[in-house]
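Undergrad: have a look at this prediction, sequence included:
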Amino acid sequence: MNRRTELRAFLQSRRARLSPSEVGLPTFGGVRRVPGLRREELAQLAGVGIDYYVRLEQGRNDKVSASVLDAVARALRLDELERIHLHNLARPDRRQPPAADQVSEGTQWLLDNMPDTAVFALGRRTRVLAWNRPASKIFLDFGPVPERNLTLLVFRQPAIRQLVLDWQVMARHVVAWLRLEVGRHPESQETNAFIAELAATDPDFLRLWNEQDVVDPMHGTYRLQHPLLGALTSTFRTLLVPEDPDQLLIVYALEPDPSGPGGAESAIWSTPPDHGPVLPGCCPTHDIATFIVKGNDLA
């Protein structure tokens with residue numbers, strides 16, 4: 001995984017999703033060897049030379065202008081987020097600020113003062129940098145975990161797949177966060193190595209990564225099936241940390257799923273246990289999920 005590889009894969013995937021008829025080009029019949037637009041067709045639509053476009057798609061044109069990239073984006077019918085991603089890959093900012101190993105005091109104060117809402121902070125490569133107590137009840141106590149990383153939890157912990165009924169949705173969100181980071185820091189050796197290792201060892205990750213979807217998962221909902229609390233609905237919001245664009249706050253609101261069974265669960269909702277089920281592969285003190293509902297006593 002590197003910037004040129006990502007740029008080529010992204011542009012090829014965007015060409016493949018458009019047909020000549022969609023953009024007003026003649027097809028002339030016959031069988032096309034590649035799906036979607038050919039390179040020369042896209043170059044024609046964007047108003048650039050075919051050799052110029054080929055160099056761009058191969059990552060060999062570091063001096064490409066913003067106006068040309070915008071023309072290519074219009075020809076490919078990219079949305080605004082995809083357009084920004086194209087600019088980031090084609091004209092990377094090679095100033096690589098060091099990744100923060102921790103959140104600021106202000107961010108930690110915010111987490112500590114949200115006792116009724118589960119929140120955790122993500123850094124580069126979806127590393128979990130900070131969390132509050134409700135968040136440790138949602139997934140696990142991150143304190144003793146050697147690799148505090150949301151992507152590794154989602155793709156490598158079977159218990160997460162059992163817990164999150166909408167696992168595919170969560171997995172797509174995690175991949176999207178990584179892809180946006182690659183756009184911001186396409187030259188990062190650490191991030192590229194992390195993605196390459198996952199792609200080589202996890203077929204689900206590789207499949208989602210190869211789809212080249214560029215989305216900004218700022219909010220969403222997951223259906224959960226907790227072994228003690230039963231059916232839950234988890235709505236999340238993603239907040240950007242103003243002082244560090246590489247950090248995100250993921251805020252979860254949890255409610256009983258009205259379509260799920262009730263009755264016996266009510267006692268658990270009112271007095272949540274101190275520890276959830278043991279997360280497979282972790283030591284016995286690592287909890288996967290004692291979920292919290294707003295207003296519950298966390299003491």
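TA: Nice, thanks for sending it over. Numbering: from 1, shown residues only.
Undergrad: and the contacts of stretch 35-44?
TA: Here stretch 35-44 makes contact (CB atoms under 8 Å, 6 or more residues apart in numbering) with 15-20, 23, 25, 32, 45, 49-50, 52-54, 57, 72, 75-76. C-beta here means a position set from N, CA and C on the backbone, and glycine is covered the same way.
Undergrad: helices and strands around the strand or helix carrying residue 254, which ones?
TA: According to DSSP states H and E, residue 254 maps onto strand 244-256. Judged by 3 or more CB pairs under 8 Å, 6 or more residues apart in numbering; DSSP states H and E, the packing partners of strand 244-256 are helix 105-112, strand 118-122, helix 133-138, helix 167-184, strand 230-241.
Undergrad: what's the closest of those to residue 81?
TA: The closest approach between residue 81 and any of the helices and strands packed on strand 244-256, judged by CB to CB, belongs to helix 167-184 at 8.1 Å.
Undergrad: any buried residues in the closest one, and which?
TA: 167, 170-184 (16 or more other CB atoms under 10 Å).
Undergrad: same question, stretch 159-167
TA: In stretch 159-167, counting by 16+ other CB under 10 Å, buried: 159-165, 167.
Undergrad: now do stretch 114-131
TA: In stretch 114-131, counting by 16+ other CB under 10 Å, buried: 114, 117-131.
Undergrad: and it, how far out from the chain middle?
TA: Remark: stretch 114-131 is offset 14 Å from the chain centroid, using CA atoms, centre = their mean, to the nearest Å.
Undergrad: pull up the distance across that stretch, start to finish.
TA: 10 Å (CA to CA, to the nearest Å).
Undergrad: tell me the mean pLDDT for it?
TA: On average, the pLDDT along stretch 114-131 is 88.
Undergrad: can you check stretch 224-238 too?
TA: Mean predicted confidence for stretch 224-238 is 83.
Undergrad: output that stretch as CSV, restricted to C-alpha atoms.
TA: Presented in CSV, the C-alpha positions along stretch 224-238 are these (Å, rounded to 0.1, in the frame of the first residue of the first chain):
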residue,chain,number,x,y,z
LEU,A,224,-26.7,-4.9,19.0
GLN,A,225,-27.5,-8.2,20.8
HIS,A,226,-26.0,-8.2,24.2
PRO,A,227,-25.9,-11.5,26.1
LEU,A,228,-27.3,-9.8,29.3
LEU,A,229,-29.2,-6.8,28.1
GLY,A,230,-30.7,-8.3,25.0
ALA,A,231,-31.5,-6.2,21.9
LEU,A,232,-30.1,-2.7,21.9
THR,A,233,-30.0,0.2,19.5
SER,A,234,-26.7,2.2,19.5
THR,A,235,-26.7,5.6,17.8
PHE,A,236,-23.3,7.2,17.4
ARG,A,237,-22.0,10.7,16.5
THR,A,238,-18.4,11.4,15.4
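Undergrad: report the buried residues of that stretch.
TA: In stretch 224-238, counting by 16+ other CB under 10 Å, buried: 224, 226, 229-234, 236, 238.
Undergrad: spatially, which two of those residues are the most separated?
TA: 230 and 238 (26.4 Å).
Undergrad: give me the low-pLDDT residue ranges for the stretch 101-250 of the chain?
TA: For the stretch 101-250 of the chain, applying pLDDT under 70 flags the ranges 138-141, 145.
Undergrad: now residue 240: closest residue in space, sequence neighbours ignored.
TA: residue 248 (6.5 Å; CB to CB, 6 or more residues apart in numbering).
Undergrad: can you pull the contacts of that neighbour?
TA: Under the criterion of CB under 8 Å, 6+ apart, the neighbours of residue 248 are 121-122, 177, 238-241.
Undergrad: what's the answer for residue 58, then?
TA: 4, 8.
Undergrad: same thing with residue 135?
TA: 118-120, 142, 252.
Undergrad: quick check: the farthest pair among those residues?
TA: Top of the distance list for those (CB to CB): 142 and 252, 14.4 Å.
Undergrad: helices of the stretch 1-150 of the chain, start to end?
TA: 3-16, 39-46, 50-57, 66-76, 80-90, 105-112, 133-138, 150-156 (DSSP state H, counting those that start in this stretch).
Undergrad: let me know which of those is tucked in deepest.
TA: helix 133-138 (a mean of 23; mean count of other CB atoms under 10 Å).
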